[in-house]
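Undergrad: Sequence first, then the predicted structure, then my questions.
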Amino acid sequence: MIVGRMEGWFTRVKTEIQRSFAEEYTPKETAGSFSVGVFITMLPTLGTGLLLFFVLAWLFDRINRAALVASVVVFNPVVKWGVYAASFTLGVLILGPVPGVSTAEVSLSAGPDVVVRLLVGNLILAVVAAVPGYFVCLRLVEAYRTHEIDVVDAVSEIVEPDEEELASPPGTDD
């Protein structure tokens, strides 16, 4: 039962990647969708970024949903803590330190001065990540379309486990 569900999930992922990189969306639409996703994901939206993804996908037919989701994979919750630390540091470099607050004690409850520095840093980092993300994604889609690379097979090899991995549950040794 679990193996069947996993195989179904891998098939859906592969199909969505193929559809995303195929002719349904232009390379610029795919790259733009990824870039918008990176921008939103980099901001401290406290989970509302995913809601915004649904709204954008509902409002605009030309939004590539797979590219939006791919940005969440790149900037997942584990990575975001590093982004927040870098954002606050950047905000402090631009706006100056917050009196009486050290980097070790930073939290959203520390006050408006901390939040402003975090938001300024996040906004700058979001732009810095989104712009190159657009061009990298654009190049990947164009290369895929001219068959310079086979993204679907490359990603499938990474995402799909071997038959042996599907047969034995994680954490068991054969």
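TA: Happy to help now that I have it.

Undergrad: Going by neighbour count, which residues in the biggest helix by length in the chain are buried?
TA: Counting residues, the longest helix in the chain under DSSP state H turns out to be helix 112-145. Under the neighbour-count criterion of 16 or more other Cβ atoms under 10 Å, helix 112-145 has 113-115, 117-118, 120-126, 129-130, 133-134, 137-138, 140-141, 144 buried. All C-beta atoms are positioned from the backbone trio N, CA, C, and that covers glycine.

Undergrad: Report all helices and strands that it contacts.
TA: Helix 112-145 sits against helix 2-21, helix 27-42, helix 65-74, helix 77-95, helix 151-159, with contacts defined as 3 or more Cβ pairs under 8 Å, 6 or more residues apart in numbering; DSSP states H and E.

Undergrad: the inter-axis angle of that helix versus helix 65-74?
TA: In terms of direction (axes from the mean of the first three to the mean of the last three Cα atoms, to 10 degrees), helix 112-145 departs from helix 65-74 by 130 degrees.

Undergrad: Does Pro27 touch Leu138 like I think?
TA: Yes - between Pro27 and Leu138 there is a contact under Cβ atoms under 8 Å: 5.4 Å.

Undergrad: how about the CA coordinates for stretch 63-74, as PDB?
TA: Coordinates of each C-alpha in stretch 63-74 appear next as PDB, following Å, rounded to 0.1, in the frame of the first residue of the first chain:
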ATOM      1  CA  ILE A  63       1.400  31.100 -13.400                       C
ATOM      2  CA  ASN A  64       3.300  27.900 -13.500                       C
ATOM      3  CA  ARG A  65       2.300  26.200 -10.300                       C
ATOM      4  CA  ALA A  66       5.100  23.700 -10.300                       C
ATOM      5  CA  ALA A  67       7.600  26.500 -10.500                       C
ATOM      6  CA  LEU A  68       6.000  28.200  -7.500                       C
ATOM      7  CA  VAL A  69       6.200  25.100  -5.500                       C
ATOM      8  CA  ALA A  70       9.800  24.500  -6.600                       C
ATOM      9  CA  SER A  71      10.700  27.800  -4.800                       C
ATOM     10  CA  VAL A  72       9.400  26.400  -1.600                       C
ATOM     11  CA  VAL A  73      11.600  23.400  -2.000                       C
ATOM     12  CA  VAL A  74      14.600  25.600  -2.500                       C
END
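
Undergrad: which outside residues touch that stretch?
TA: 16-17, 19-20, 25, 29-31, 33-34, 36-38, 40-41, 49-50, 53, 56-57, 133, 137 (Cβ atoms under 8 Å, 6 or more residues apart in numbering).
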